[in-house]
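> Sequence and predicted model, in that order:
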Amino acid sequence: MSAHCSGNEPVREPLKRAGPAADSRPMVLLVGRPNSGKSSLFNRVTGGNAHVGNFPGITVDILEADVVLPGGATAVIADLPGLYALDALTDPTTDEGVARTFVDQAERSGRPVLLVQVIDGTQLPLGLRLTRELVKRRAPLLLVVTQRDILDAEGRRVDAETLSRAVGAPVVTVSSREPGSRAEVLAAVEQALAGGVKSPTGDGWIPDELGARIVSDAASADVEAARRRERTARVDRWLLHPVLGPLAFLAMTTAIFAAVFLVADPVTSALDALAQALGAGITARLGDGLLASFLTAGVIGGAGTVLAFMPQIVVLTIGLEILEATGYLARGAFLVDRLLRVFGLSGRAFFPLLMGHACAVPAITATRIIRDPGERLTAILVLPLMTCSARIPTYALLLGAFFAHRSPLFRSGLFVGLYFAGILSGAAASAVLRRTATRGRSLPLVLEMPAYRAPQARVVARKAGRAAWHFLRDVGTTILIAAVALWALLTIPLPWSAPPPEPPAVVAVASGPAPAAGEAAPRTSARPHIERSIAAGVGRVLEPITRPLGFDWRINVGLIGSFGARELMVGTMGVIFGLENAGDDPAPLSQRIREAKRADGSPLYSTRSCLALLAFFVLACQCTSTVAAIRRETKTWRWPAFVLGYTYVLAYVAALVVYQIAGVLGVG
């Protein structure tokens, strides 16, 4: 057996190339409902432990791998997206539409084709509804009933012979957890491809009745099976309770949300320390010239930004896989579905939206659990509005600069208000988008309540590693390129620029109060090189546009710098105002911003400017990583451009309104 790439990892083929290749090898197409065990069986048979990475509505990846049959022949096995029906009139870009197109192309290709339907043995009647459509296809059909281990544990047995006679296709029962299932499936596939199976002709059966008839309970295990089912029902009575259920779901998702930081932060700090050590070594060898700055701030800094997200991606993937494998994710989506329907979303969108308050990048990845294409696209487009942790340093800087004299309770209220402003803006944007840019027929939330199961640690670990690799490959390159571009903008001086006059901010701090005894004075630079940079030139060009918001070229440059990552706003402003390492402690920078004066002695910034900048920062998509993640998921630059466009328009209008209203109200 060999995969189409190095190692055992199957190749991801986008929809436009998902059709059968022009060769004579047999095609084995795995089809089945979501949560039927299809991907687990694919992983077992191919040895790749691959997971379907699909994006309904934009493109769908089809995983393919070569398998060697017991007789030595080679076949191509393809894992199609989960689907509920083939014959329903659906959007061709949805899971059902892609699967139907792929099956149609395979049947027309002239190659031997075998449809292998994977059915969850614990939900047999539901799977047989799809079987009624598959028996009408031209290609022969093989039924693989999974979860044999669960059925055995519950004292139940599937009468495969009766099922085979009823539907007119061979049936094999397996457990994807057992290594021997691979040989069973491949033997059945080989027999079918050898001509031992004709196109099925069974008809006249009703899925619910047939499913109930062919699953029997062993008399000796009736009591144990009843106990297992009762335990599941008892747990569901708590987890699906109308009051306790949502609280439990919120607690579990919050735990994963917290784990992203508790586990990822130490790793991120270690990687940051490593990057700083490398940068210090390069500076020691090359000095403080442009080359050293390029390597440390541009290349190593950009690579550090990429690696900083890796632990979050891994922890998030592990959490999602555990929730899905245990069967709880579907139950949680059911609990919050009614609330989110008001805004054009469903319960499946809750977890990505919650994760968006940690970081939009892994949250955008988490939208893969949303099956409705329009809903998933909507969730991706509104996630940049969630108040992620990277905004916190800027909020702390501005609140400390202009509201330090107010009580902690007042500042806490403002901080909470900023969080809720992000939530409310996301909800409003979702409601509008579902009626405009992403409008269309919404798919109903179809959920199965699978039995509670223990996740397989090996499979979860490999999926986490796979997610990290794809993030590094797809998003990391974009972030690195953007980091180098931002370095150039913030470092390289304009050829015609002259050294600027002494900035008033430096003079203000120089005349300010002396540091307390035993307290080190902040390091300053009288003439920061950033004032002559390309970014500073752009900032001055933008001043006429941003002046109605109370912004000057310094804030404009800070916004340009924060596009690399929102938290860079503090560091960029620190460089502009002559402070090094301002991101470590924004207090001196807050003081400098507050005390900065114009040439006529008036304050350089006011509370009005602060409020306008907060309003802008709440709404603007100031994050290269987020843009790269949207590009990766949508496979086009159209939607990242749309996000940048609508969030910046909203941010500008909101900042303008806040600044002008604050002036009318007499806010200084």
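All right, it came through fine. Numbering: from 1, shown residues only.
> Distance check, the closest residue to Phe410 other than its chain neighbours against Trp238.
Spatial nearest neighbour of Phe410, chain neighbours left out: Phe403 (6.9 Å); criterion: C-beta to C-beta, 6 or more residues apart in numbering. Bear in mind the C-beta positions are built from the backbone N, C-alpha and C, glycine included. Distance, Phe403 to Trp238, using C-beta to C-beta, to the nearest Å: 44 Å.
> who has more neighbours, those two?
Using other C-beta atoms under 10 Å as the criterion, Phe403 and Trp238 rank with Phe403 on top: 17 against 10.
> now that one: how far from Thr387?
Phe403 is 18 Å from Thr387, by C-beta to C-beta.
> tell me the SS of Leu345?
coil (DSSP: H, G, I helix; E, B strand; the rest coil).
> And it, its phi and psi?
Taking degrees, to the nearest 10, you get phi -120, psi 180 for the backbone angles of Leu345.
> tell me the contacts of it?
Residues in contact with Leu345 (C-beta atoms under 8 Å, 6 or more residues apart in numbering) are 353, 375, 378-379, 430, 434.
> Recalculate using a threshold of 7 Å.
Applying C-beta atoms under 7 Å, 6 or more residues apart in numbering to Leu345 gives the contacts 375, 378-379, 430.
> likewise Leu128?
Leu128 neighbours (C-beta under 7 Å, 6+ apart): 207, 210-211.
> residues near the residue lying closest to Ser609 once chain neighbours are set aside, how many?
Excluding the flanking residues, the one nearest Ser609 by C-beta to C-beta, 6+ apart is Gly550, at 3.5 Å. By the criterion of other C-beta under 10 Å, Gly550 has 23 neighbours.
> Do I have it right that Gly550 meets Arg608?
Yes. If you go by C-beta atoms under 7 Å, Gly550 and Arg608 touch, sitting 5.5 Å apart.
> Mutual contacts of the two, please.
Common neighbours of Gly550 and Arg608 (C-beta under 7 Å, 6+ apart) are Tyr659.
> Check the gap between the residue positioned nearest the centre of the chain and Ser164 for me.
What sits nearest the mean C-alpha location of the chain, by C-alpha atoms, centre = their mean, is Thr365, with 1.6 Å. To Ser164, Thr365 is 41 Å away according to C-beta to C-beta.
> residue contacts, the residue nearest to Phe410?
Per C-beta under 7 Å, 6+ apart, neighbours of Phe403: 410-411, 414.
> would you list these in a markdown table and tack on pLDDT?
Shown next, in a markdown table, are the contacts of Phe403 (pLDDT from 0 to 100):
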| residue | pLDDT |
| --- | --- |
| Phe410 | 81 |
| Arg411 | 77 |
| Leu414 | 84 |
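> Out of those residues, flag the one nearest to Ala248.
Leu414 (31.4 Å; C-beta to C-beta).
> Disregarding residues adjacent in the polypeptide, which is nearest to the closest one?
That would be Leu399: by C-beta to C-beta, 6+ apart, it lies 6.2 Å from Leu414.
> The one you found and Ser562: what is the separation?
When Leu399 is compared with Ser562 (using C-beta to C-beta), they lie 17 Å apart.
> what's the answer for Arg285, then?
From Arg285 to Ser562 the distance is 30 Å (C-beta to C-beta).
> same deal with Gly347?
Gly347 is 33 Å from Ser562, by C-beta to C-beta.
> more neighbours, those two?
Between Gly347 and Ser562, Ser562 has the larger neighbour count (other C-beta under 10 Å), namely 26 against 23.
> How about the secondary structure of the closest residue to the more buried one other than its chain neighbours?
Nearest non-adjacent residue to Ser562, counting by C-beta to C-beta, 6+ apart: Met569, 3.8 Å away. Following three-state DSSP, we place Met569 in the helix state.
> What residues does Met569 make contact with?
394, 558, 561-562.
> mind redoing it with 10 Å?
Counting by C-beta atoms under 10 Å, 6 or more residues apart in numbering, Met569 touches 390-391, 393-395, 397-398, 555, 558-563, 582-583, 586, 613, 617, 622.
> hmm, back to that, which of the contacts of Leu128 tops the neighbour count?
Going by other C-beta under 10 Å, Gly211 tops those with 22 neighbours.
> which stretches of the stretch 151-300 of the chain form strands?
156-158, 171-173, 215-217 (DSSP state E, counting those that start in this stretch).
> Give me the mean pLDDT for the last one.
This predicted structure assigns strand 215-217 an average pLDDT of 73.
> Then the first one?
Taken as a whole, strand 156-158 carries a mean pLDDT of 82.
> Now find how far off-centre that strand is within its chain.
39 Å (C-alpha atoms, centre = their mean, to the nearest Å).
> quick revisit: please pick the buried ones from the contacts of Phe403.
Buried members of these, counted by 16 or more other C-beta atoms under 10 Å: 411, 414.
> Tell me the one among the contacts of Phe403 nearest to Thr74.
Closest to Thr74, out of all of the contacts of Phe403 and judged by C-beta to C-beta, is Leu414, at 65.0 Å.
> what's the distance between that closest one and Gln660?
When Leu414 is compared with Gln660 (using C-beta to C-beta), they lie 20 Å apart.
> Could you list the single helix or strand in this protein with the lowest mean pLDDT?
strand 54-55 (a mean of 29; mean pLDDT, DSSP states H and E).
> For the stretch 301-450 of the chain, just list every one of the helices.
301-326, 328-341, 350-355, 360-366, 373-382, 392-402, 408-433 (DSSP state H, counting those that start in this stretch).
> Serialize those to JSON lines and add fields for distance to Lys38.
JSON lines is the format used below for these (distance: least, C-beta to C-beta, whole Å):
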{"stretch": "helix 301-326", "distance to Lys38": "13"}
{"stretch": "helix 328-341", "distance to Lys38": "16"}
{"stretch": "helix 350-355", "distance to Lys38": "22"}
{"stretch": "helix 360-366", "distance to Lys38": "21"}
{"stretch": "helix 373-382", "distance to Lys38": "20"}
{"stretch": "helix 392-402", "distance to Lys38": "42"}
{"stretch": "helix 408-433", "distance to Lys38": "31"}
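> and of these, who's closest to Arg540?
helix 392-402 (21.7 Å).
> my read: Pro455 touches Leu329, true?
No. Applying C-beta atoms under 10 Å as the test, Pro455 and Leu329 come out as separate, 11.4 Å apart.
> Name the residues contacting each of those two.
With C-beta under 10 Å, 6+ apart as the test, Pro455 and Leu329 both reach 321-323.
> From those residues, which shows the smallest pLDDT?
Lowest confidence among those: Glu321, with 76.
> Can you get me a residue count around that residue?
Neighbours around Glu321, by other C-beta under 10 Å: 21.
> go on, Leu339?
12.
> which residues touch it?
Neighbours of Leu339 in contact, by C-beta under 10 Å, 6+ apart: 246, 345, 347, 350.
> Among the residues you listed, find me the one that's closest to Val116.
Among the contacts of Leu339, and counting by C-beta to C-beta, the member closest to Val116 is Gly347, at 30.8 Å.
> ok, the closest one touching Asp372?
No. Gly347 lies out of contact with Asp372 (C-beta under 10 Å); the separation is 11.1 Å.
> got the angle for the longest helix belonging to the chain vs helix 328-341?
Using DSSP state H, we find that the single longest helix of the chain is helix 244-286. With axes from the mean of the first three to the mean of the last three C-alpha atoms, to 10 degrees applied, the angle from helix 244-286 to helix 328-341 works out at 100 degrees.
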